[in-house]
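K.L.:
Curious how this folds, go ahead:
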Amino acid sequence: MSTSPPAVIRRPQDVVDLVNAHPARRGGPGIALVALGGVMIDAYQAAMVGFGNSYIADEYDISKGAAAAVNATVLVAALVGGLIARPLIERLGQRRAFVLGMGLCAFAAAAVAFAPNIWIVLLCRVVMGVGLGIDFPLATSAVVELSGSRSSSSGRSVNLWQMGWYISTTVVYLVLLPLNQLTTVESDLWRYGIFVGAGLAVLVMVGRWFLIGESALWAARRQRWDETVRILRDRYGVHATVAPDAEGAAPGGQAPKVRGAYRVMFDRTYRRRTVLGCVVATMQAWQYNAVGIYLPVTLGGVLSGGLAGSLGGSALVNAAFGITGGLLGSLWVRRFGARRLSMAGFAVVAVCLLVLGALGSGAPWLALFLLGLIIFGHAAGPGGLGMTIATLSYPPSIRPAGVGFARAIMRTGAIAGLVLWPMLWDGLGTEAFFWLALVPGIGLLTCLLIRWEPVGQPVDDEDADVLRRITAVERVTV
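P.N.:
Numbers count the residues shown, from 1 in each chain. As a prediction, this is how the structure comes out:
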């Protein structure tokens with residue numbers, strides 16, 4: 001047992017410094033993926049409804065565009081959920097907010113699997129979207145806290161969400177393949193698949209409750225010092241004691257409320273960081289929701305083999321290119337930085353889209369390889385890095401707000417890809433790839449113009465100053 005004197009805590013910044021200097025004893029990629037479990041549920045459900053879009057349209061007698069619009073309501077609701085995430089997290093804490101976000105997802109997924117009409121589907125997608133919007137800022141903030149923002153593994157751990165995304169989408173097709181053999185009603189496959197996703201959401205919720213727990217930084221900001229000391233001891237192996245003159249330690253002391261996070265995010269210090277994170281996140285979401293979500297549909301247009309062939313091809317592309325790209329991106333981000341890696345990924349996607357547009361459907365196996373290369377460039381590059389940039393650009397007191405805002409803005413790109421791509425594909429066929437190439441082009445240009453690199457930056461050192469500013473804003477506005 002260590003004989004060193006206990007650390008003395010007087011303010012939340014002391015806890016931030018201790019957490020940064022002592023990564024969690026029980027951490028690593030496994031715990032990071034548990035924390036990022038909501039992202040994997042998001043990926044699973046997105047891929048499942050992308051697969052079921054045409055079946056939903058036929059069953060409820062609506063157009064494919066209308067079905068895509070209904071499915072896209074999850075993204076609109078997630079936008080709202082992302083914007084309300086910070087005040088909810090501040091009120092509930094990490095542990096209970098995790099349960100709220102994933103509980104909404106599990107309930108809505110189970111309900112949509114039995115939806116008798118399109119209006120129930122719409123309502124369930126809205127509920128699911130709010131849950132997902134709340135969950136993501138929690139997940140990435142938890143990963144940073146567990147690994148320590150100064151740790152060399154911090155950016156790598158956050159960016160693991162992209163590998164988790166492709167693991168989850170691969171699982172979708174691996175679930176659908178046996179279900180396709182077991183059922184005689186092909187149009188019900190999407191219902192079975194979504195119901196399986198509800199069960200997976202419950203497993204994520206339980207795993208987080210026992211393996212992740214409460215945030216030491218949240219407890220410190222709320223001046224719950226006894227709880228803070230316990231978390232530091234149990235999770236980080238840090239023996240700490242609270243000074244008699246610590247903030248809020250006196251009898252009758254009250255935890256300060258904080259407001260004004262969004263105002264700080266757009267001041268002189270953080271404006272460029274906010275714009276870069278939001279643009280990278282939005283453009284990657286647009287390109288992915290056009291190609292990745294509708295991958296079985298796209299493959300059906302360039303390959304033969306029916307439903308089993310498109311599902312098998314989708315599983316192969318996601319496993320061989322998506323999971324590999326996500327893993328390599330997590331390993332490369334520390335070496336090359338989030339901005340440069342995003343630029344490289346956007347460039348690969350843009351070139352492949354232009355070549356696909358020129359090829360048409362005349363070279364199906366080359367088209368399959370190029371689609372895989374798009375998934376690889378996306379996964380290794382901007383696919384995860386928009387959120388990594390947002391997570392590592394802000395100190396803990398405004399990190400949930402920054403991630404929630406970037407995730408909310410990102411949903412506009414996802415909506416554009418989800419709704420517009422079926423229309424472009426139906427109208428233009430493979431020539432639609434030319435138009436889609438504009439999206440990674442915008443992302444690449446933004447990375448060239450804004451030279452902010454968040455990986456390795458000591459942004460948590462800014463927390464005390466930011467916390468004073470957002471607390472002062474609250475006193476003025478009350």
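K.L.:
Which element, helix or strand, includes the nearest residue to Q287 once chain neighbours are set aside?
P.N.:
Spatially, and ignoring its direct neighbours in sequence, Q287 is nearest to V439 (4.9 Å; C-beta to C-beta, 6 or more residues apart in numbering). Just so you know, the C-beta spots here come from the backbone N, C-alpha and C atoms, and that holds for glycine as well. Following DSSP states H and E, one finds V439 within helix 438-449.
K.L.:
neighbouring contacts of that helix?
P.N.:
Identification of contacts with helix 438-449 by C-beta atoms under 8 Å, 6 or more residues apart in numbering yields 275-276, 279-280, 283-284, 286-287, 290, 339-340, 342-343, 345-347, 349-350, 353, 382, 413, 417.
K.L.:
Could you measure from the residue nearest to Q287 over to G82?
P.N.:
Applying C-beta to C-beta, to the nearest Å, the value for V439 to G82 is 21 Å.
K.L.:
next one: V172
P.N.:
23 Å.
K.L.:
The two: which is more packed in?
P.N.:
Each of V172 and G82 has its neighbours counted (other C-beta atoms under 10 Å); G82 has more, 28 against 25.
K.L.:
buried subset of the contacts of helix 438-449?
P.N.:
Buried subset of the contacts of helix 438-449 (neighbour count, 16 or more other C-beta atoms under 10 Å): 275-276, 279-280, 283-284, 286-287, 290, 339-340, 342-343, 345-347, 349-350, 353, 382, 413, 417.
K.L.:
where in the stretch 251-400 of the chain is pLDDT low?
P.N.:
In the predicted model, the stretch 251-400 of the chain carries pLDDT under 70 at residues 251-259, 293-310, 360-362.
K.L.:
show me where it has helices.
P.N.:
261-265, 271-291, 295-302, 306-317, 324-336, 338-359, 364-380, 382-392, 399-428 (DSSP state H, counting those that start in this stretch).
K.L.:
can I get the CA coordinates of stretch 37-54 in CSV?
P.N.:
The C-alpha trace of stretch 37-54 is given here as CSV (Å, rounded to 0.1, in the frame of the first residue of the first chain):
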residue,chain,number,x,y,z
GLY,A,37,-22.0,1.0,-26.4
GLY,A,38,-24.7,3.6,-27.2
VAL,A,39,-22.8,4.5,-30.4
MET,A,40,-22.9,0.8,-31.4
ILE,A,41,-26.6,0.7,-30.8
ASP,A,42,-27.0,3.8,-32.9
ALA,A,43,-25.1,2.1,-35.7
TYR,A,44,-27.1,-1.1,-35.4
GLN,A,45,-30.4,0.6,-35.6
ALA,A,46,-29.4,3.0,-38.4
ALA,A,47,-28.2,0.1,-40.5
MET,A,48,-31.2,-2.0,-39.7
VAL,A,49,-33.7,0.7,-40.7
GLY,A,50,-31.6,1.5,-43.8
PHE,A,51,-32.0,-2.1,-44.8
GLY,A,52,-35.8,-2.0,-44.0
ASN,A,53,-36.5,1.3,-45.7
SER,A,54,-38.1,-0.3,-48.8
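K.L.:
Quick one: mean pLDDT over it.
P.N.:
Summarised as a single mean, pLDDT over stretch 37-54 is 80.
K.L.:
before we move on, the earlier item: most neighbours per residue, which of the helices of the stretch 251-400 of the chain?
P.N.:
Highest mean neighbour count among these (mean count of other C-beta atoms under 10 Å): helix 382-392, with a mean of 32.
K.L.:
Take the helices of the stretch 251-400 of the chain and write them to a markdown table, including distance to C124.
P.N.:
Output for those, formatted as a markdown table (distance: least, C-beta to C-beta, whole Å):
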| stretch | distance to C124 |
| --- | --- |
| helix 261-265 | 29 |
| helix 271-291 | 19 |
| helix 295-302 | 22 |
| helix 306-317 | 24 |
| helix 324-336 | 28 |
| helix 338-359 | 32 |
| helix 364-380 | 28 |
| helix 382-392 | 25 |
| helix 399-428 | 17 |
